[in-house]
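Student: Sequence and predicted structure, then a few things I'm wondering about:
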Amino acid sequence: MLKIAMLSTGEEVLHGDIVDTNAAWLSQLFFENGYSLTKRSTVGDENSALVEELLMLSFNCDVVIVNGGLGPTSDDLSAEAASIAAETELVEFPEWVERLEKFFAARHMMMPESNRKQAMLPRGATLIDNPIGTACGFKVRINECDFYFTPGVPSEFKLMAETQILPDLKHSFPQVQGMDCSKLHTFGTSESALSDSLDKIQLPQGYFLGYRSYLPYIEVKLFGPKGDVDTRVKLLQLIFKLIEPNVVSVDESMQQHVGHLILEKRLSISTAEQSTQGSLSHWLHSNEEAAEFCGHGWVLGNKVDVGQADQDSLAAALALAGATKEKCATDIAIVTGKVVEQRFSVAISTRDGEWGQTLSFNRKFTKADQVLLITTVAADMLRRYLAGKPMFANYSSLKRDREMFVPQSLL
């Protein structure tokens with residue numbers, strides 16, 4: 001098995017001052033191409049710690065991607081550490097000095113002397129071009145392990161990884177084949193419930209399931225050999241059938257899927273929001289083409305009373321949905337009522353009638369998480385209506401207190 005590691009460097013990464021998005025991006029890129037990472041580690045800007053980590057990785061891996069530490073300042077130590085670990089010296093690469101001089105000349109600037117440090121690389125290293133920056137990437141071998149050193153700037157790093165490092169890996173290790181990954185996005189269930197439903201499936205050799213949980217979704221990921229479309233489609237259909245009540249999209253985000261439904265049905269939509277503070281409108285406008293059908297939206301403050309003083313929240317939400325649809329002259333109106341004592345109401349008014357439900361949170365959520373959950377419930381009601389699905393679903397983090405359907409004939 002090919003062992004590939006990524007080493008991220010820098011105090012700002014180690015101490016959490018910045019999020020290491022480069023590592024997550026590279027993990028996905030390599031996985032999709034069959035080169036799964038077996039280890040990720042992080043060290044700060046301390047030379048002995050960096051050398052120690054390089055040596056340890058060289059004894060245990062076949063390939064290591066080192067990210068960061070190629071800048072012109074004193075705390076950029078990757079090249080120096082590489083030379084120590086490889087038991088060689090730093091030498092100036094004239095071709096990179098020339099590139100640096102041209103880089104600054106094109107900007108009508110004199111090259112600072114500190115940038116010359118970026119041309120000092122371990123003797124025998126192979127240059128990895130950086131057409132958009134001053135940090136020179138390089139490849140060097142340490143104890144039978146190939147190290148690729150890259151800059152921390154995301155745009156420079158990604159360009160190197162995609163256009164030079166990945167092709168070099170494919171040339172060096174052509175026997176490695178990539179994997180395909182299909183994703184079913186679910187809402188309103190739990191990982192344990194999904195696992196109980198899907199553990200019974202006997203997957204063919206080379207296929208396996210994975211889960212990713214992030215509010216408000218849980219992704220069910222089906223991994224399998226690249227190019228085996230027929231088997232993957234059949235497995236997807238089986239998985240979908242077992243968890244269909246909670247699947248909100250397949251191989252695209254829920255927002256993309258709802259956007260496609262809006263484009264397909266071509267029904268105009270208006271909104272009136274109290275608990276979601278404009279989040280629902282923003283959610284619906286995420287698809288530029290579908291946004292053309294979402295032209296009206298009201299955001300109401302929590303102090304605004306909807307309906308009569310003695311009217312319950314569900315009746316008020318239904319009344320507001322009908323009034324919004326009429327006043328805005330749209331085909332559909334969606335309403336999110338305000339949160340009172342952990343309870344809220346959501347309603348949708350359509351050509352076929354009105355649906356509304358009152359839900360309560362099963363546990364404590366932050367204000368932001370409440371907004372996210374209510375927005376998704378409202379969007380899910382729209383998705384269900386546009387797709388012809390049952391309008392009321394069971395959500396694990398929410399309890400339905402009431403539900404109501406008013407057919408068009410009674411309006």
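Tutor: Structure received.
Student: Point out where the protein drops to low pLDDT.
Tutor: 306-311 (pLDDT under 70).
Student: surely Ile201 meets Leu238?
Tutor: Yes. In this structure, Ile201 is within contact of Leu238 by CB atoms under 8 Å, at 6.5 Å. From N, CA and C alone the C-beta is placed, and that goes for glycine too.
Student: Bridge partners for Thr9, pull those for me.
Tutor: Beta bridges link Thr9 to Val43 when assigned by DSSP bridges.
Student: roughly how far apart are it and Asp196?
Tutor: 43 Å (CB to CB, to the nearest Å).
Student: of these two, who's got more company?
Tutor: Thr9 (29 against 11; other CB atoms under 10 Å).
Student: contacting residues around that one?
Tutor: Thr42, Val43, Gly44, Asp45, Leu50, Val66, Asn67, Gly68, Gly69, Leu77, Ser78, Gly152 (CB atoms under 8 Å, 6 or more residues apart in numbering).
Student: now the helices for the stretch 51-200 of the chain?
Tutor: 78-85, 94-105, 154-160, 166-172, 191-198 (DSSP state H, counting those that start in this stretch).
Student: Need these in TSV (columns: distance to Arg384).
Tutor: As requested, the helices of the stretch 51-200 of the chain are exported to TSV (distance: least, CB to CB, whole Å):
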stretch	distance to Arg384
helix 78-85	52
helix 94-105	55
helix 154-160	38
helix 166-172	41
helix 191-198	19
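Student: what's the most buried one of those?
Tutor: Burial of the helices of the stretch 51-200 of the chain is given as mean neighbour count (mean count of other CB atoms under 10 Å); helix 78-85 ranks first at a mean of 22.
Student: what does that helix rub up against?
Tutor: 9, 47, 50-51, 54-55, 58, 66, 68-70, 89-90, 120-123, 125, 138, 140, 142, 147, 149.
Student: now swap in stretch 294-303 and tell me
Tutor: So stretch 294-303 is in contact with 262, 268-274, 277-278, 280-281, 284-285, 306, 324, 328, 330, 338, going by CB under 8 Å, 6+ apart.
Student: Sort out for me which of those residues are in strands.
Tutor: The strands, defined by DSSP state E, take in Ile269, Ser270, Thr271, Ala272, Glu273 from the contacts of stretch 294-303.
Student: The fourth one and Trp298: what is the separation?
Tutor: Same thing as Ala272. 5 Å.
Student: Got the phi and psi for Gly301?
Tutor: Reported as degrees, to the nearest 10, the phi and psi values for Gly301 are phi -70, psi 160.
Student: what about it, neighbour count?
Tutor: 8.
Student: Distance of it relative to Gly278?
Tutor: 11 Å.
Student: First-to-last residue distance for stretch 147-156?
Tutor: Taking CA to CA, to the nearest Å, stretch 147-156 runs 17 Å from one end to the other.
Student: ok now it, how far from the chain's centre?
Tutor: 21 Å (CA atoms, centre = their mean, to the nearest Å).
Student: neighbouring contacts of it?
Tutor: In contact with stretch 147-156 (CB under 8 Å, 6+ apart) are residues 9-10, 13, 21-22, 25, 54, 58, 63-71, 78-79, 82, 128, 130, 132-133, 135, 137-141, 157, 160-161, 165, 168.
Student: and those, which of them are in strands?
Tutor: Using DSSP E to define strands, the subset of these located there is Thr9, Val63, Val64, Ile65, Val66, Asn67, Ile128, Gly137, Phe138, Lys139, Val140, Arg141.
Student: Can you give me the neighbour number for the fourth one?
Tutor: Residues lying near Ile65 (other CB under 10 Å) number 26.
Student: these two touch, right, it and Asn22?
Tutor: No. In this structure, Ile65 is not within contact of Asn22 by CB under 8 Å, at 9.3 Å.
Student: and the nearest residue to Glu11 once chain neighbours are set aside, what does it touch?
Tutor: Spatial nearest neighbour of Glu11, excluding adjacent residues (CB to CB, 6 or more residues apart in numbering): Gly44 at 4.6 Å. With contact set as CB under 8 Å, 6+ apart, Gly44 has these partners: Thr9, Gly10, Glu11, Leu14, His15.
Student: The closest residue to the last one other than its chain neighbours and Val248, how far apart?
Tutor: Same thing as His15. Among residues not flanking His15 along the chain, Gly44 sits closest, at 7.6 Å (CB to CB, 6+ apart). Using CB to CB, we find Gly44 at a distance of 41 Å from Val248.
Student: same thing with Glu191?
Tutor: From Glu191 to Val248 the distance is 16 Å (CB to CB).
Student: Pro112: neighbouring residues, count only.
Tutor: Pro112: 12 neighbours (other CB under 10 Å).
Student: for Lys364, that is, sorry about that
Tutor: Around Lys364 there are 8 residues (other CB under 10 Å).
Student: element containing it?
Tutor: Per DSSP states H and E: Lys364 is located in neither a helix nor a strand.
Student: Repeat that for the one 10 residues further on.
Tutor: Mapping Ile374 onto the secondary structure by DSSP H and E places it in helix 367-387.
Student: Buried residues in that helix, which are they?
Tutor: Across helix 367-387, burial judged by 16 or more other CB atoms under 10 Å covers 370-386.
Student: how many degrees apart are whichever helix or strand comes after it and helix 367-387 in direction?
Tutor: Following helix 367-387 in sequence order, the next helix or strand is strand 398-407 (DSSP H and E). Going by axes from the mean of the first three to the mean of the last three CA atoms, to 10 degrees, strand 398-407 is angled at 40 degrees with respect to helix 367-387.
Student: got a list of contacts for strand 398-407?
Tutor: Residues from elsewhere that reach strand 398-407, judged by CB under 8 Å, 6+ apart: 188, 314, 318, 343, 352-362, 373, 377, 391-392, 394.
Student: can you list the domains in this protein?
Tutor: 4-172, 179-251, 255-410 (the TED database).
Student: From the neighbour counts alone, determine which of Ala272 and Trp298 ranks first.
Tutor: Remark: of Ala272 and Trp298, Ala272 carries more neighbours, 26 against 18, as counted by other CB under 10 Å.
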